[in-house]
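K.L.:
Coordinates for the following, if possible.
(chains A and B)
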Amino acid sequence: MYAQMVKSEATQDDPEKLAAFQARIDAGEKIEPKDWMPEGYRKTLIRQIGQHAHSEIVGQLPEGNWITRAPTLERKAILLAKVQDEAGHGLYLYCAAETLGVSRDEMTEMLLDGRMKYSSIFAYPTLTWADMGAVGWLVDGAAIMNQVPLQRTSFGPYARAMIRICKEESFHQRQGFDIMMKMCAGTPAQKRMAQDALNRFWFPALMMFGPSDAESKHSAQSMAWKIKMNSNDELRQKFVDQTVPQAEYLGLTVPDETLAWNEEKGGYDFAEPDWDEFFEVLKGNGPCSAERIATRQKAWDDGAWVREGLMAHAAKKRASQMAAE
Amino acid sequence: MSGEWPLWEIFIRGQHGASHRHVGSLHAPDAEMAIKHARDVYTRRKEGVSIWAVPSSAIAASSPSKKGPMYDPADDKTYRHPTFFDIPKDVGPM
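P.N.:
Below is the predicted model:
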């Protein structure tokens, strides 16, 4: 998902406290920032929420690429609003992570120097306008699969950020599908462009859920803590089952020859994405990985004088106010 | 001194005259910018008609570990709720 391969941190706390903590989670209570929590829970959440926040922020870049080239003024305004939402989602999530004792600036620095990651999906390029459709439809669609159950996650600030995000996310997916519908009803060249976008984004979208974690101890711990609500395979299956009929509606072909309805399981059988490619992307070797981090680095460096200047201005104003009193 | 913008807690009053409600937090250099940022971050879809921004450092909070002594005394005072009292139907609405 937006947070992939998040390893749960080992925890070395008092067993009695741990048991009481687990009992609270099992009873459906929310854990709040000032409550006692195991060190592993805190660290795993910082990593997971931080990675999610970074994905929202870096996720603005592939779409930002098309703001100046949107085909109509209306499409441009809509895309701008969507990208602005992503910025907002990043901010909600940074604030949720900050309640765990890490600062936003620290997290930004960890993203820039590679200690923290963002979702593999944003390391892929957006080559045509149809990619704006495919990203909204598939990428936001996949994100929603994961984010809806996370509204019930055990950590209060994270759950509240998710509720806010989910309210806005459905607009993102619909605007993407709307672009796809328009292109598929257009000229043969436009429809080919839509098919090409689906071809390029299908497997990267499936990768968003991460490799199978049926055997993963990390996932088992995160699920016990209710900071992960479903297995990766479960969500991926749900996504495929929901998306294939939508592709059929558009008259597009999912680029998977093995795709077939399996009556017995009541879902589709489908091909796994290339997991070697996924691990390479996660290591920072995706097609646009270097460009994404370079862009973030430049924004961080170029914005430094604004951040500092506004702080200096605020200090000066405070001082003159004090002098006047 | 860290150059990071301080944290603010944002409260918003919705359209229908309810109280301001906490919606989240954000970073801003001063109160004026906090309100401007709050407008962009928390009211993109007309969620409110009034914004309060309070420095997070100014919030005093009760301690979660004292939850018991703080709130348990209310447990045996159910007579504070109107449903505690049975009023005969003949009396009419009350």
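K.L.:
residue boundaries of the helices in chain B?
P.N.:
B:31-42, B:67-71 (DSSP state H).
K.L.:
between these, which gets nearest to chain A?
P.N.:
helix B:31-42 (5.3 Å; C-beta to the nearest C-beta). Where C-beta positions appear, they are placed from N, C-alpha and C, glycine not excepted.
K.L.:
Flag every buried residue along the helix or strand hosting residue A:175.
P.N.:
With secondary structure defined by DSSP states H and E, residue A:175 is part of helix A:156-184. By neighbour count with 16 or more other C-beta atoms under 10 Å in any protein chain shown, helix A:156-184 contains the buried residues A:156-162, A:164-165, A:168-169, A:171-173, A:175-177, A:179-184.
K.L.:
Return the helix or strand in the chain with minimum mean pLDDT.
P.N.:
No chain specified, so I'll use chain A. Every helix and strand of chain A was ranked by mean pLDDT, DSSP states H and E. The lowest is helix A:217-224, at a mean of 90.
K.L.:
oops, chain B please
P.N.:
For chain B, judged by mean pLDDT, DSSP H and E, that is helix B:67-71, with a mean of 81.
K.L.:
and that helix, does that touch chain A?
P.N.:
No. Helix B:67-71 lies out of reach of chain A by C-beta under 8 Å from any C-beta of the partner chain, never closer than 9.5 Å.
K.L.:
Could I get the contacting residues of residue 84?
P.N.:
Looking at chain A here, since you left the chain open. B:40, B:44 (C-beta atoms under 8 Å, 6 or more residues apart in numbering or on different chains).
K.L.:
that's the wrong chain, I meant chain B
P.N.:
With C-beta under 8 Å, 6+ apart, residue B:84 has these contacts: residue B:78.
K.L.:
ditto for the one 3 residues further on
P.N.:
By C-beta under 8 Å, 6+ apart, residue B:87 lies in contact with residue B:94.
K.L.:
how near is the nearest residue to residue A:282 once chain neighbours are set aside to chain B?
P.N.:
Using C-beta to C-beta, 6 or more residues apart in numbering or on different chains and skipping the chain neighbours, the partner closest in space to residue A:282 is residue A:120 (5.6 Å). Using C-beta to the nearest C-beta, to the nearest Å, residue A:120 is found at 27 Å from chain B.
K.L.:
How many residues are close by residue A:120?
P.N.:
By other C-beta atoms under 10 Å in any protein chain shown, the residues close to residue A:120 number 25.
K.L.:
hang on, the earlier thing: which helices and strands sit right next to the helix holding residue A:175?
P.N.:
With contacts taken as 3 or more C-beta pairs under 8 Å, 6 or more residues apart in numbering or on different chains; DSSP states H and E, helix A:156-184 sits against helix A:39-58, helix A:73-98, helix A:130-134, helix A:141-150, helix A:188-207, helix A:232-250, strand B:21-27.
K.L.:
Having no further points to raise, I will conclude here.
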